[in-house]
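Q: fold the following, please.
(one chain, ligands or ions: 1)
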Amino acid sequence: MPLYTLPDLTYDPAALEPHLSARIVELHHGKHHASYVAAANTTIDKIGEATAAERWADLPGLERTLAFNLGGHVLHTMYWTNLSPNGGGEPTGALRTDIDNTFGGFAAFKAYFSQATITVQGSGWSILGYEPLGGRLVVQQLLTHHDSHLLGTVPLLAIDAWEHAYYLQYANLRADYVTAIWNLINWTDVARRYADAILVSL
Ligand code: MN3
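A: Residues are numbered from 1 along each chain as shown. All right, here's what the predicted structure looks like:
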């Protein structure tokens, strides 16, 4: 039994249309996400083999490969639950209050987070996260799945800015994908993650 498994989508791949096509969701979940799950499991096995054989020089490359692939699994698992056929709108409650206080209102946050997604250099992600040491919400850009991570930050909302997330439908127009994705964000899921994250201390 592998350590990590691909979670099922909780909705039909076509359910995110017209904002995200069924074909994108099928390939993204069934091929891309699945490949990170498989590679994370394989890499853990390789680390075990290298450790048993005392091939210590193999560790830096294997640990980096694990960070990439497990990071991919974590982020995509979040992404599918951060999105919903019934998503969109604006957050409410304590999360909304914190967004307003931190970013100067939802519109200002939306503009900032949109640009954080659009301007990722190459392949990466935008994240709304909770940074426990400062006790504050932060926006971060990840390169690939893990570079530039603000250590300790708990991700609440993760948006994939890799070309495979949008190219079949939006071609090179990442900004149009970002405009569409706001119609799918599951603020109930983000708020649940926020309620858990604010209990974390470092
Ligand atoms: Mn992806």
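
Q: going forward, measure contacts between C-alpha atoms and count neighbours the same way
A: OK.

Q: and residue 188, how many neighbours does it have?
A: Number of residues near residue 188 (other C-alpha atoms under 10 Å) recorded here: 17.

Q: excluding chain neighbours, what is closest to it?
A: In space, residue 188 comes closest to residue 91 once its chain neighbours are excluded; the distance is 7.6 Å by C-alpha to C-alpha, 6 or more residues apart in numbering.

Q: what residues sit buried inside stretch 155-171?
A: When burial is assessed from 16 or more other C-alpha atoms under 10 Å, stretch 155-171 yields the following buried residues: 155-166, 169-170.

Q: outside of it, which residues touch it?
A: Applying C-alpha atoms under 8 Å, 6 or more residues apart in numbering, the set of residues contacting stretch 155-171 from outside is 20-21, 24, 28, 75-76, 78-79, 82, 117-118, 120, 122-130, 172-174, 176-177, 190-191, 193-194.

Q: domain parsing of this structure, as residue ranges.
A: According to automatic domain parsing, the chain comprises the domains 21-82, 93-201.

Q: returning to what we had before: restricted to strands, list the contacts of stretch 155-171.
A: For these, membership in strands holds for 124-130, with DSSP state E as the criterion.

Q: quick one: the helices in this protein?
A: Listed from the start of the chain, the chain has helices (DSSP state H) covering 22-27, 34-52, 59-82, 93-103, 106-118, 167-170, 174-181, 187-197.

Q: can you put those helices in CSV and add distance to residue 15 and mean pLDDT?
A: CSV is the format used below for those (distance: least, C-alpha to C-alpha, whole Å; pLDDT from 0 to 100):
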stretch, distance to residue 15, mean pLDDT
helix 22-27, 7, 98
helix 34-52, 20, 98
helix 59-82, 12, 98
helix 93-103, 26, 98
helix 106-118, 23, 98
helix 167-170, 15, 98
helix 174-181, 13, 98
helix 187-197, 17, 98
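
Q: residue 113 is in contact with residue 126, isn't it?
A: Yes - here residue 113 reaches residue 126: they are 7.2 Å apart, a contact under C-alpha atoms under 8 Å.

Q: if I look at residue 178, how far off is residue 118?
A: Distance, residue 178 to residue 118, using C-alpha to C-alpha, to the nearest Å: 7 Å.

Q: and what of residue 200?
A: In this view, residue 200 and residue 118 are 30 Å apart by C-alpha to C-alpha.

Q: who's more crowded, the two?
A: For residue 200 versus residue 118, neighbours defined as other C-alpha under 10 Å are more numerous around residue 118 (19 against 15).

Q: looking at it, the more buried one is touching residue 177, isn't it?
A: No - between residue 118 and residue 177 there is no contact, the gap being 9.1 Å when judged by C-alpha under 8 Å.

Q: ok now do the residue nearest to residue 188, which residues does it touch?
A: Residues in contact with residue 91, defined by C-alpha under 8 Å, 6+ apart, are 187-188, 191.

Q: closest to residue 54 among those residues?
A: Of all the contacts of residue 91, residue 54 sits closest to residue 191, with 44.9 Å by C-alpha to C-alpha.

Q: what's the neighbour count on that closest one?
A: Quick note: residue 191 (other C-alpha under 10 Å) scores 19 neighbours.

Q: if I look at it, how far off is residue 34?
A: Using C-alpha to C-alpha, one gets 27 Å for the distance from residue 191 to residue 34.
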